[in-house]
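J.: quick one: sequence and predicted model below, then my questions.
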Amino acid sequence: MSALLARLVASRLFWPIVMLLVLFTINLIAFPGFFAVTLRDGHLFGSLIDILRNGAPTLIIAVGMTLVIATRGIDLSVGAVAAISGAVACSIILGSPEPANPATVAVAVTVALIISLVLGMWNGFLVAVLGIQPIIATLILMTAGRGVAMLITEGQIITVNSPPFKALGSGFWFGIPIAVIIAAVVFGIAALVTRRTALGMFIESVGINPEASRQAGVRARGLLFVVYTFSALCAAIAGLILTANTAAADANNTGLFIELDAILAVVIGGTSLAGGRYSLVGTLVGALVIQTLVTTVYTVGIPPIATMVFKAAVVTIVCLLQSPTTTEALSGFRRRLALRAGKGVAAS
């Protein structure tokens, strides 16, 4: 039994799951109907559904961020790419004579995704070909991207009246929020491709030792192109969901600070910023922790202005519990307990 408990505590997912359960408990105490899920007009509603729907954009971006971080990189431009994606889509829909036509929405979404792929390739080019540090390379687009989004929207908040587009953010399919379905598809594809093929192993090898990977025949440059392009694609999808949810493109606020939430979700999930081994399941748990934390702030009655402080405190606690020093201290404590138990058995 003690050996099983030791393995559970040593797992990278143990403390994030504990924190998630603690947040659930706090919400349940403050709001007894927290776990209630109702079916109205064929749609699922409830606090848990809200957490899943509102956390979908963060999860989508965090999936792409996980692969980037696994290669020893970082992508600070995802928020700007999300803003550009939403601005492009809304501009095309607004300029169309038939904004409610699904074909118009399909064209707008396709163009937005294509532009995001180009932006991701640009980040990949700066990192893989020019050898610029990832934090600097993506900071360039992070800074310029908001300006590009402002140019697209001409400094205005573009509002569109398009039910098919709005459905991306607030619609339902078979009772489940479409945003949740999209997030599940992105997560499933990423997990399938990286864990059922050699791609995941190549990503980890580049993160652990790029030079050894290159000598082993792994094409690190092409791999970096792929992960940064995928990260931008995830950011564009999240940006479309965020924009569709409000039916408006706000270049200043769409995806603002979402790159920080994505990085926090990845770190909480146990993926090291030093690269190498990663966990998509851990990222999923981390994204749920982040969104549940935001929900807890409103449920408990903490002022919204203190949200960032409260979030930082919880994330700090989780990271401290996951730190090597804490792990080593817990291992030493377990060894001492086992030694005392052995001496007690011998004495008897």
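T.: Nice, thanks for sending it over.
J.: from Leu280, how far off is Leu240?
T.: Distance, Leu240 to Leu280, using Cβ to Cβ, to the nearest Å: 22 Å. Backbone N, C-alpha and C define where each C-beta goes, glycine included.
J.: whoops, Phe45 was the one
T.: Phe45 is 28 Å from Leu280, by Cβ to Cβ.
J.: higher neighbour count, those two?
T.: Each of Phe45 and Leu280 has its neighbours counted (other Cβ atoms under 10 Å); Leu280 has more, 22 against 16.
J.: same for the helix or strand hosting Ala244, what does it pack against?
T.: Assessed by DSSP states H and E, Ala244 sits inside helix 220-246. Applying 3 or more Cβ pairs under 8 Å, 6 or more residues apart in numbering; DSSP states H and E, we find helix 220-246 packed against helix 47-70, helix 78-95, helix 102-124, helix 163-170, helix 178-195, helix 199-208, helix 210-215.
J.: same thing but 6 Å
T.: For helix 220-246, the elements it packs on are helix 47-70, helix 78-95, helix 102-124, helix 163-170, helix 199-208, helix 210-215, judged by 3 or more Cβ pairs under 6 Å, 6 or more residues apart in numbering; DSSP states H and E.
J.: quick one: mean pLDDT over the helix or strand encompassing Ala149.
T.: Counting by DSSP H and E, the element that carries Ala149 is helix 134-153. For helix 134-153, mean pLDDT rounds to 93.
J.: before we move on, what about stretch 235-251?
T.: Here stretch 235-251 scores 94 as its mean pLDDT.
J.: what residues does that stretch touch?
T.: For stretch 235-251, contacts defined as Cβ atoms under 6 Å, 6 or more residues apart in numbering pick out 57, 60-61, 78, 81-83, 85-87, 89-90, 112-113, 116, 149-150, 153, 157-160, 165-166, 168-170, 179, 254-255.
J.: where does it sit relative to the chain's centre, distance-wise?
T.: Taking Cα atoms, centre = their mean, to the nearest Å, one finds the center of stretch 235-251 at 15 Å from the center of the full chain.
J.: C-terminal to the helix holding Ala149, what's the next element?
T.: Downstream of helix 134-153, the first helix or strand assigned by DSSP H and E is strand 158-159.
J.: so for that following strand, mean pLDDT?
T.: Averaging pLDDT along strand 158-159 yields 91.
J.: got a list of contacts for that strand?
T.: For strand 158-159, the surrounding residues in contact (Cβ under 6 Å, 6+ apart) are Cys90, Leu94, Ala248, Ala249.
J.: which of these sit farthest apart?
T.: Farthest apart among these by Cβ to Cβ are Leu94 and Ala248. That separation is 10.2 Å.
J.: just the buried residues of stretch 290-298, please?
T.: Judged by neighbour count (16 or more other Cβ atoms under 10 Å), stretch 290-298 contains these buried residues: Ile290, Gln291, Thr292, Leu293, Val294, Thr295, Thr296, Val297.
J.: actually, stretch 221-241.
T.: Within stretch 221-241, the residues that count as buried by 16+ other Cβ under 10 Å are 223-241.
J.: can you give me how far the one helix or strand Ala262 maps to is from the chain middle?
T.: In the assignment (DSSP H and E), Ala262 maps to helix 258-268. Put simply, helix 258-268 sits 6 Å off its chain's centre (Cα atoms, centre = their mean).
J.: which strands and helices lie in contact with it?
T.: In this structure, helix 258-268 makes packing contacts with helix 47-70, helix 78-95, helix 280-300, judged by 3+ Cβ pairs under 6 Å, 6+ apart.
J.: circling back to that earlier point, buried sites along the helix holding Ala149?
T.: Neighbour counts over helix 134-153 (16+ other Cβ under 10 Å) mark 134, 137-142, 145-146, 148-150, 152-153 as buried.
J.: try stretch 187-194
T.: Going by neighbour count (16+ other Cβ under 10 Å), the buried part of stretch 187-194 is Phe187, Ala190, Thr194.
J.: and that stretch, how far out from the chain middle?
T.: Its chain's average C-alpha position is 14 Å from that of stretch 187-194, according to Cα atoms, centre = their mean.
J.: nice, that's everything, thank you.
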